[in-house]
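Participant: With the input below, show me the fold.
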Amino acid sequence: MTTQVKHYIDGEFTQGTGTSQIIVTNPANNSPIAVINAATSEEVHVAIASAKAAFKTWKEVPVSERARVMLRYQHLLKEHHDELATILAHETGKTFEDAKGDVWRGIEVAEHACNVASLLMGETVENVARSIDTYSYTQPLGVCAGITPFNFPAMIPLWMFPLAIACGNTFILKPSEQDPMTPQRLVELFVEAGAPKGVLQLVHGDKTAVDILLADPAIKAISFVGSVAVGQYIYKTGTDNLKRVQAFAGAKNHCVIMPDANKQQVINNLVGASVGAAGQRCMAISVAVFVGAAKEWIPELKEALAKVRPGLWDDKEAGYGPVISPAAKARVLKLIAQGKAEGAECLLDGSDFTVEGYESGNWIGPTMFNKVSTEMSIYKEEIFGPVLCCMESDSLEAAIELVNASPYGNGTSIFTASGAAARKYQHEIEVGQVGINVPIPVPLPFFSFTGWKGSFYGDQHAYGKQAVRFYTETKTITSRWFESDIAVASTPNMSINLR
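Facilitator: Model prediction:
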């Protein structure tokens, strides 16, 4: 039995009138679990018009009342945490523990949105000139939109709409059509939290819906997370239409391992960071760079990776689940085959892995290459699968040069016992997020998610203070109030100077 996925448009949940259907499948066996009637152009325009109308009243709601909506929302998210994780695990294939992590990292951003009043505070200086004061206000933009990927269907929508709405905007969410049931439940809980009609809209669909959001002048800002090609398209099209855009794209994240690091910590962290979530994380470690004698640990790393077993979402012994779709599996298998053909040493090959009774699922076992070079496809492309590439470097300086030559700059890590090596690495590396003995340095929401280079297109990043700046405008006021006993200037002020 399949579930009918619903849109949320103009305050109503509806299955929509679209005749173009999208089938949602279970990645563990590719059986249908839900169906979407893709939003029609008319339905997307209704959502935009509703959000535009709602903005007129929502922006006037006191900031403390907006914060209370977020307080109720984060409470409901916590109350329904395991339910959300179960839905998420079924449609993504993630293990239950991994799905719970996805939900929780989103809840943390919703918690941060509860603090919106202090985040919106402006600045004041008295007497910038005689009897003249200057102060600034932070005001919302209007209608904002978010286009989110399949790999984090709870966390990434929650990166976007709670903070945007808390700032006084209205929001249209267009989630991935591959796992739409988790976003739908997020919206249902937001409505239950007391969000007024029109403040949040949910539209499901494909490129047709995206292109309308990118073109409509009522949309003031677009947030996107996804692939490089689509990220570039979103950024270019959105900015050509004079919108603010933050587009988070692909990655190729390196972990540099120094010979003075704790070997067991390195191995444990590399296993989880490389194949966790089947490698479908934009912050996954996909390249391990062993410096000097650290290369001697590669055989033990292989042994540890070989012990990881993919499995079903409720299998407590499973390390991770299937990749999202047959197309994703085919792409990963193609890159594994190219790695072998191009001369990399395949130490561990998960190409033929299956789960008994679920042979038709999108399974790939842990895969590990050694002797990888920068010319190989498995190095140049983001694999987005449970594949780890190992490289060797003679020195920290050479490792830094290798990482800095990458066109991507999402995240990187160094494992070392040397404060000097860590300090040198964090200072010289040209990557936006750096972990020191931390494999996946995704910051908590009071900081911002700060990818660089080809991993990000835009100016202000996700969540934290940068997101508040992205979703708002600053209005600066300079004022003077004349007192009756102050003499009126005898001549006009013909200069730009305040006096």
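Participant: Just list the residues touching Asp300, thanks.
Facilitator: Actually, residue 300 is Glu. It isn't Asp. Lys263, Ile267 (Cβ atoms under 8 Å, 6 or more residues apart in numbering). All C-beta spots, glycine's among them, are computed from the backbone N, C-alpha and C.
Participant: Phi, psi for it please.
Facilitator: When read as degrees, to the nearest 10, the backbone of Glu300 gives phi -70, psi -30.
Participant: quick one: it and Val289, what's the gap?
Facilitator: In this view, Glu300 and Val289 are 17 Å apart by Cβ to Cβ, to the nearest Å.
Participant: ok, now Ser64?
Facilitator: For Ser64, the distance to Val289 - Cβ to Cβ - is 50 Å.
Participant: how about the helices in the stretch 151-300 of the chain?
Facilitator: In the stretch 151-300 of the chain, the helices defined using DSSP state H, counting those that start in this stretch lie at 155-166, 181-192, 207-215, 228-240, 263-275, 298-306.
Participant: ranking the ones you listed by burial, who's on top?
Facilitator: Looking across those with neighbours counted as mean count of other Cβ atoms under 10 Å, the highest average goes to helix 155-166: a mean of 28.
Participant: Who are the packing partners of it?
Facilitator: Under the contact criterion of 3 or more Cβ pairs under 8 Å, 6 or more residues apart in numbering; DSSP states H and E, helix 155-166 touches helix 63-79, helix 96-113, strand 143-147, strand 170-174, helix 181-192, strand 219-225, helix 464-470.
Participant: rerun that using 7 Å as the cut-off
Facilitator: When contacts are defined as 3 or more Cβ pairs under 7 Å, 6 or more residues apart in numbering; DSSP states H and E, helix 155-166 sits against helix 63-79, helix 96-113, strand 143-147, strand 170-174, helix 181-192.
Participant: List the contacts of it.
Facilitator: 66-67, 70, 73, 102, 105-106, 109-110, 113, 116, 144, 146, 148-149, 171, 173, 175, 183, 186, 199-200, 223, 225, 462-463, 467-468, 471 (Cβ atoms under 7 Å, 6 or more residues apart in numbering).
Participant: how far out from the middle of the chain is that helix?
Facilitator: Mean-position distance between helix 155-166 and its chain equals 11 Å (Cα atoms, centre = their mean, to the nearest Å).
Participant: That one to strand 219-225, inter-axis angle?
Facilitator: 160 degrees (axes from the mean of the first three to the mean of the last three Cα atoms, to 10 degrees).
Participant: hmm, back to that, neighbour count: Ser64 and Val289, which is higher?
Facilitator: In this view Ser64 and Val289 are compared by other Cβ atoms under 10 Å, and Val289 has more residues nearby, 25 against 9.
Participant: quick one: contacts for the more buried one?
Facilitator: Val289 touches His254, Cys255, Val256, Ile257, Met391, Ser393, Ala399, Leu402, counting by Cβ under 7 Å, 6+ apart.
Participant: what's the neighbour count on the third one?
Facilitator: Using other Cβ under 10 Å as the criterion, Val256 is surrounded by 26 other residues.
Participant: what's the answer for the last one, then?
Facilitator: A count of nearby residues for Leu402, using other Cβ under 10 Å, gives 17.
Participant: what pLDDT does it get?
Facilitator: Leu402 is assigned 98 on the pLDDT scale.
Participant: cool, the fourth one as well?
Facilitator: At Ile257, the predicted lDDT confidence score is 98.
Participant: Touching, it and Ile285? I think so.
Facilitator: No - Ile257 is beyond contact range of Ile285, at 10.4 Å (criterion: Cβ atoms under 7 Å).
Participant: Which one of the contacts of Val289 sits in the busiest neighbourhood?
Facilitator: For those, the largest number of neighbours (other Cβ under 10 Å) sits with Ile257, at 28 neighbours.
Participant: Contact partners for the closest residue to that one other than its chain neighbours?
Facilitator: Nearest non-adjacent residue to Ile257, counting by Cβ to Cβ, 6 or more residues apart in numbering: Ala294, 4.6 Å away. For Ala294, the contact set (Cβ under 7 Å, 6+ apart) comprises Ile257, Met258, Pro259, Ala261.
Participant: most surrounded residue in those residues?
Facilitator: Ile257 (28 neighbours).
Participant: Show me what that residue bridges to in the sheet.
Facilitator: Taking DSSP bridges as the rule, Ile257 bridges to Phe290, Phe415.
Participant: OK, contacts around it?
Facilitator: Val266, Ala288, Val289, Phe290, Val291, Ala294, Phe415.
Participant: would TSV of the residues you listed with distance to Thr14 be doable?
Facilitator: Formatted as TSV, those follow (distance: Cβ to Cβ, whole Å):
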residue	distance to Thr14
Val266	51
Ala288	48
Val289	51
Phe290	55
Val291	57
Ala294	57
Phe415	51
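Participant: Of those residues, which is the nearest to Lys6?
Facilitator: Ala288 (43.5 Å; Cβ to Cβ).
Participant: ok, now how distant is that closest one from Phe415?
Facilitator: Here the criterion is Cβ to Cβ. By it, Ala288 lies 10 Å from Phe415.
Participant: Please enumerate the shared neighbours of the two.
Facilitator: Residues touching both Ala288 and Phe415 (Cβ under 7 Å, 6+ apart): Cys255, Ile257.
Participant: could the contacts of Ile257 be laid out in JSON lines, adding pLDDT?
Facilitator: As requested, these are arranged in JSON lines below (pLDDT from 0 to 100):
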{"residue": "Val266", "pLDDT": "98"}
{"residue": "Ala288", "pLDDT": "98"}
{"residue": "Val289", "pLDDT": "98"}
{"residue": "Phe290", "pLDDT": "98"}
{"residue": "Val291", "pLDDT": "98"}
{"residue": "Ala294", "pLDDT": "98"}
{"residue": "Phe415", "pLDDT": "98"}
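Participant: ok, so of these, who is nearest Glu12?
Facilitator: Within those, the smallest distance to Glu12 is 50.3 Å, found for Ala288 (Cβ to Cβ).
Participant: wait, what's in contact with the closest one?
Facilitator: For Ala288, the contact set (Cβ under 7 Å, 6+ apart) comprises Cys255, Ile257, Leu270, Leu388, Cys390.
Participant: what sits against the nearest residue to Thr40 once chain neighbours are set aside?
Facilitator: Nearest residue to Thr40, sequence neighbours excluded (Cβ to Cβ, 6+ apart): Gly18, at 4.7 Å. Applying Cβ under 7 Å, 6+ apart, we find Gly18 in contact with Asn37, Ala38, Ala39, Thr40.
Participant: now, which of these lie within strands?
Facilitator: Per DSSP state E, strands hold the following members of the contacts of Gly18: Asn37.
Participant: All set now, cheers.
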